[in-house]
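>>> give me the fold of what follows.
(2 chains)
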Amino acid sequence: MNESVLVLSIASAVVASIPILYAALGEIITNRSGVMNLGVEGMMLVGAVVGFWAGNETGSLTAALIAGGLAGVGLALVHALLAVTLRVDQTVSGLSLVIVGGGFSSFVGTSGEPGLLSAPNEVEVNPLLPQFMQDLPAVGPILFGHDIVVYAGIIAVFAATWILNRTATGLSLRAVGEDPAAADAAGISVIRTRYAATAIGGFGAGIGGAYLTVAIVGTWQNGLTAGIGWIAVALVILAGWRPWLALVGALAFGGLNGLGFTLQLAQVDVPSDFLKMMPFIAAYLVVILVSANPGRARRLAAPAALAQPYAREAR
Amino acid sequence: MQRRLTFHLRTFFALLLGLALIATACGSDAPSVSVEGATEEASETTDDSAESADDASGDFSDFKVVMILDGSAEDGGWNTTHLRSGKKMEANFPGIDFSYVEEIEPGQPATNAFQDAVDSGADLVIGTTFYQFDMIDVAAENPDVYFLTWAGFEDQPNVGHFTQATEDGRYMDGIVAGSLTETNIIGYPVGFPFDEVNRALNAFTLGAQEVNPDVEVRAVYLNTWFDPAIEQQAAEALANAGADVIAHEVGSQVYATVMAERGGHVIGYTNDWSDFEPEAWASSFLIDWSTYYIEQVEAIIAGEFESGFSYGGLAEGWIDFAPYGPSVTDETLALIEERKQGIIDGTFDIFEGPIVDNQGNEVIPEGGTIEFGDRNTCCQWLIEGIVGEIPAE
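Numbers count the residues shown, from 1 in each chain, chains lettered A, B, ... in the order given. Take a look at the predicted model:
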């Protein structure tokens, strides 16, 4: 493998990591409020199809991302209604969301004349930085050759870290996720916080899906995300619910995505199915590590009230 | 008491919402049936219609054909081609009742689809992929209904099998790719390591080598026929490895998108996408099964249906070509014309020996070839010049 193949592969990996990153960031916010939403895959699919549709109608990347994000919010609010207000088992509700999102996105994709399945991509995505920076050897393609969504994603990581750890809003959010009863007693609305956090999770997943269709793949197909949403869910656990670790993980998993073919081309026989399994194996390992080492585990452990419905009168 | 009541209401509401959501999901996953320009007719009347269709008056309204597609009719490739061939057949028989069902996966869903087609009163059911094992029992139980199914081998008096000689078209695409590449690296993502697929890849490489002996064809096996996200990764990996022409196998438009971004060229698979990224577009062979479909419908109506295997290529009118892209030179076009004529006349043989595979074994000796009728069982080897290995099954 010569250097340019390596450089180009890393550049491809950076782009491939972006949908995972947005979805994982959203899921971290959701989880930190104590809501477990396993429906990321479904929300991404809905975001992907609606984003692609909006992109087709308007030709605008911004419109596609916002429409995709809002579609994700719509589905996330269904989960919030079930999980927060009705206090349904969050695992069941999240899994249902995957099925609903998959079915709904296929339905949207085939309805309308002509259908979205054969529609061309009308959104043009251009690199953000000036040409001379992109032309720099190695760092050009890897760091400077990307579009605005890539850089916004990295800014979002820092923003999320800052908001979670340094602001009153973040403190309230974490309080609701760790001990909703105490937060409630302190005058924080558990319900409102959890709704908002779930909606943000849906927005992240929706944007991730929309970016996948309009900027990466450039076409819509049923089940397009093909497990990226699940990778995001695994990544959140792997990253110990910390945004910056999610960035590192997303880059690694983005790289794994295309690595199967790069290795096949380099005549290295690693089955791509094996590579697809890696994110989940890694998540297992982290879960085992965390439970085996309770001292260190505290820092990487799940929010204490994760997936536990909160009912004020049930205390 | 008050609390328990609320709890029950809440459970009930959640359950109701959950059920509604599941119903939505299931509803949209169900295969859709499209009836093309045909009125609803009672299925009882069509039972013996095969022989009684009145072709003298040119009215075929009591002959019903159902096509079963394994993917979306809008995939722009395999299934679109079958449907296009079916519609040409429909146009040939005024009033014929032609309909199709899409996204029927091989296995139990396919068996059900074949049974449904028979129950709806079909006289002829066309299966467009390897449905052999799914439909053979349905065919045995319904001797009055005729079946055509792509590939396959098991004989039954009312079943016909067919495969197209993809190599006749792929050789020409190879000539185009070999003459266009500047890096001498051509990317060739393939679906599954089936004979048909490997045969097309071999013919493609032979075509490319005819005009460019130094060419290297890099094959990656995707393990899917159509998955834009995976195909996008494969296209990126191939382009990163230096491929400036990608010839894809079934597949989506992502190859054209990636090649257009990088200033390369794309070769399609039985689709005319010359309008999509026109600068990147180079060529694509097309399959046209309508000749076969029309022959079979005529034979069934005349009571002369013969079961068995049909194989057709350029000479039989099963292979055609999409418009060539602006970068294909006249010189290349002239060579393609010559080779096409050679195949039709029988003066040119794609698989003329000696041919050596990429493991160094001589697979076709000097003076040998693969006879046209035997080609459908070839190949589980890749010729020299292809970088890639057939994955173990």
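
>>> just checking, residue B:216 touches residue B:181?
No - contact criterion CB atoms under 8 Å: residue B:216 and residue B:181 do not qualify, at 9.0 Å. (Each C-beta comes from the backbone N, C-alpha and C, glycine too.)

>>> more crowded one of the two?
residue B:181 (24 against 18; other CB atoms under 10 Å in any protein chain shown).

>>> how deep is residue B:358 tucked in, by neighbour count?
18.

>>> now do the contacts for the residue lying closest to residue B:75 once chain neighbours are set aside.
Spatial nearest neighbour of residue B:75, chain neighbours left out: residue B:226 (5.8 Å); criterion: CB to CB, 6 or more residues apart in numbering or on different chains. Applying CB atoms under 8 Å, 6 or more residues apart in numbering or on different chains to residue B:226 gives the contacts A:221, B:71, B:75, B:77, B:250, B:251, B:252.

>>> got a list of what residue A:125 touches?
A:61, A:147, A:149, A:214, A:215.

>>> and which of the residues you listed is nearest to residue A:190?
residue A:149 (32.8 Å; CB to CB).

>>> which strand or helix spans the residue lying closest to the closest one once chain neighbours are set aside?
Distances taken as CB to CB, 6+ apart put residue A:211 closest to residue A:149, at 5.5 Å, once the chain neighbours are dropped. If you go by DSSP states H and E, residue A:211 is part of helix A:190-211.

>>> going by residue numbers, what spans are helices in the stretch 101-250 of chain B?
B:108-119, B:132-141, B:166-180, B:195-211, B:228-240 (DSSP state H, counting those that start in this stretch).

>>> count of residues packed around residue B:132?
Residue B:132, neighbours per other CB under 10 Å, totals 18.

>>> I'd like to know how far the closest residue to it other than its chain neighbours sits from residue B:159.
Of all residues not flanking residue B:132 in the chain, residue B:152 sits nearest, at 3.7 Å (CB to CB, 6+ apart). Going from residue B:152 to residue B:159 by CB to CB, to the nearest Å gives 8 Å.

>>> and for residue A:158?
With CB to CB as the criterion, residue A:158 and residue B:159 are 64 Å apart.

>>> columns mean pLDDT on top of the helices of the stretch 101-250 of chain B, output as JSON lines?
Shown next, in JSON lines, are those (pLDDT from 0 to 100):
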{"stretch": "helix B:108-119", "mean pLDDT": "95"}
{"stretch": "helix B:132-141", "mean pLDDT": "92"}
{"stretch": "helix B:166-180", "mean pLDDT": "96"}
{"stretch": "helix B:195-211", "mean pLDDT": "94"}
{"stretch": "helix B:228-240", "mean pLDDT": "88"}
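
>>> point out where the chain drops to low pLDDT.
Answering for chain A, as no chain was given. A:1-3, A:113-114, A:118, A:272, A:294-298, A:315 (pLDDT under 70).

>>> if you could check chain B rather than the one you did, that'd help
Ranges of chain B meeting pLDDT under 70: B:1-57, B:250, B:393.

>>> need the contact list for the residue nearest the centre of it.
Per CA atoms, centre = their mean, the C-alpha nearest to the average position across chain B is that of residue B:78, at 3.3 Å. With contact set as CB under 8 Å, 6+ apart, residue B:78 has these partners: B:70, B:71, B:128, B:129, B:225, B:250, B:269, B:270.

>>> and it, backbone torsions?
The phi/psi pair for residue B:78 (degrees, to the nearest 10) reads phi -50, psi -60.

>>> and it, how far from residue B:190?
13 Å.

>>> ok, now residue B:171?
16 Å.

>>> one more: residue B:184?
20 Å.

>>> what of residue B:370?
The value you get for residue B:370 to residue B:190, if CB to CB is used, is 19 Å.

>>> also residue B:350?
Counting by CB to CB - residue B:350 and residue B:190 are separated by 18 Å.
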